[in-house]
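Undergrad: Fold the following.
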Amino acid sequence: MTWGTAGNVNTTNLDSGTDSPAAARPDIKAALDELILVIQGRGAASGVAPLNASTKIDASYLPSEINSASATPLTLDPATGKVLLEEILNLKPQTVAQLNARTDIAQGDVAFCSNGDAGTECIAVAVGEDDSAGNPTWKVVSIGNAISET
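TA: Numbers count the residues shown, from 1 in each chain. Below you'll find the predicted structure:
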């Protein structure tokens, strides 16, 4: 399935009242063929994801991974100011060296550090402007005891 292509729509024989209907007929047919491709592309590979009755995209049409363009961070910016994740958030473990090598640290960043609490695992949060260059630095949030209902 291919998506409709605007370049395949020719309006040369359609833009004047004096144009010949016979000459316009193949142009109209080509334009309708492109429209059919767009209609058939709803919910198809290389097409568009349809909206359900609640104007949402069903999970079956969502990719399992979203990558941002080039080196630009992926931004989620809901109107409510809150991102809701259901179930579990998984942070890829990084070492102290990997976290400190980053040049894009911003106050409020959160990471899972595999060796940041005197060699043990911890959560790290970028806070304040603590280093000599006035940049945020990583601070340890220690991991305590195992979870338990008692």
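Undergrad: Can you show me the helices along the protein?
TA: 21-40, 96-101 (DSSP state H).
Undergrad: can you put these in JSON lines and add mean neighbour count and distance to Gly81?
TA: For the C-beta atoms, the positions are set from N, CA and C on the backbone; glycine is no exception. Listed next are those as JSON lines, based on neighbours: other Cβ atoms under 10 Å; distance: least, Cβ to Cβ, whole Å:
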{"stretch": "helix 21-40", "mean neighbour count": "13", "distance to Gly81": "36"}
{"stretch": "helix 96-101", "mean neighbour count": "14", "distance to Gly81": "27"}
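Undergrad: ok, Gly4 touching Ala30?
TA: No: using Cβ atoms under 8 Å, Gly4 is not in contact with Ala30; the gap is 10.7 Å.
Undergrad: quick one on the thing from earlier: as a markdown table, the helices of the chain with distance to Leu85 would be great.
TA: Listed next are these as a markdown table, based on distance: least, Cβ to Cβ, whole Å:
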| stretch | distance to Leu85 |
| --- | --- |
| helix 21-40 | 34 |
| helix 96-101 | 22 |
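Undergrad: of those helices, which approaches Asn67 most closely?
TA: helix 96-101 (19.5 Å; Cβ to Cβ).
Undergrad: Give the other helices and strands that that closest one contacts.
TA: For helix 96-101, the elements it packs on are strand 110-117, strand 137-142, judged by 3 or more Cβ pairs under 8 Å, 6 or more residues apart in numbering; DSSP states H and E.
Undergrad: Mean confidence (pLDDT) on the last one, please.
TA: Right, strand 137-142. Per-region confidence: strand 137-142 scores 92 on mean pLDDT.
Undergrad: Pull up the pairing partners for that strand, direction included.
TA: As defined by DSSP bridges, the strand partners of strand 137-142 come to strand 120-127 (antiparallel).
Undergrad: can you redo the helices of the chain as a markdown table with mean pLDDT and distance to Asn52?
TA: Compiled in a markdown table, the helices of the chain are given as follows (pLDDT from 0 to 100; distance: least, Cβ to Cβ, whole Å):
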| stretch | mean pLDDT | distance to Asn52 |
| --- | --- | --- |
| helix 21-40 | 92 | 18 |
| helix 96-101 | 94 | 40 |
